[in-house]
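A.B. asks: can you look at this prediction? I've put the sequence above it.
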Amino acid sequence: MNITSTVKPVHEHAESNSFLSGKTLGICLALIVVAAVALTVFKVSVGTLFFAGVLLLCPLLHVWMMKDGGHKH
């Protein structure tokens, strides 16, 4: 009795869906560079930079959470 399995590995697409994919990593590095330039060149205070980050993060997280059309259960 010869039984062959056609089950594909679960981790097949793990790299393409990784949190630190090329695009995400590039965006994170760019934001770090922008923050460093704001702190050193433009002499922006850390508190102001933190407040601006939180202010921008809130709507971006809402867009990210609703990207699949919202309230699907």
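C.D. replies: The structure has been received and is ready for your questions.
A.B. asks: helices of this protein, residue ranges please.
C.D. replies: With helices called from DSSP state H, the chain shows them at 22-40, 46-65.
A.B. asks: and the last one, what does it pack onto?
C.D. replies: Okay, so that is helix 46-65. Contact analysis of helix 46-65 by 3 or more Cβ pairs under 8 Å, 6 or more residues apart in numbering; DSSP states H and E lists helix 22-40 as its packing neighbours. Glycine gets a C-beta too; all of them are placed from N, C-alpha and C.
A.B. asks: pull out the buried positions in the helix it packs on.
C.D. replies: 35, 38 (16 or more other Cβ atoms under 10 Å).
A.B. asks: neighbours of residue 69, how many?
C.D. replies: Neighbourhood size, residue 69 [other Cβ atoms under 10 Å]: 6.
A.B. asks: going forward, the N-terminal residue is numbered 295.
C.D. replies: Taking 295 as the first residue, the last one we looked at is residue 363.
A.B. asks: ok, it to residue 356 distance?
C.D. replies: Counting by Cβ to Cβ, to the nearest Å, the gap from residue 363 to residue 356 is 14 Å.
A.B. asks: swap in residue 321?
C.D. replies: Applying Cβ to Cβ, the value for residue 321 to residue 356 is 18 Å.
A.B. asks: again, but for residue 338
C.D. replies: 25 Å.
A.B. asks: more crowded one of these two?
C.D. replies: Legend: neighbour count by other Cβ under 10 Å for residue 338 and residue 356, higher for residue 338 (14 against 10).
A.B. asks: excluding residues flanking it in the chain, which one is nearest that one?
C.D. replies: With sequence-adjacent residues excluded and distances taken as Cβ to Cβ, 6 or more residues apart in numbering, residue 338 is closest to residue 332, at 4.4 Å.
A.B. asks: shouldn't that neighbour be in contact with residue 344?
C.D. replies: No - at 11.2 Å, residue 332 does not count as touching residue 344 under the criterion of Cβ atoms under 8 Å.
A.B. asks: so where's this structure shaky on pLDDT?
C.D. replies: Applying pLDDT under 70 to the chain picks out residues 295-313, 364-367.
A.B. asks: apply 80 and report the result again.
C.D. replies: For the chain, the stretches with pLDDT under 80 are 295-314, 361-367.
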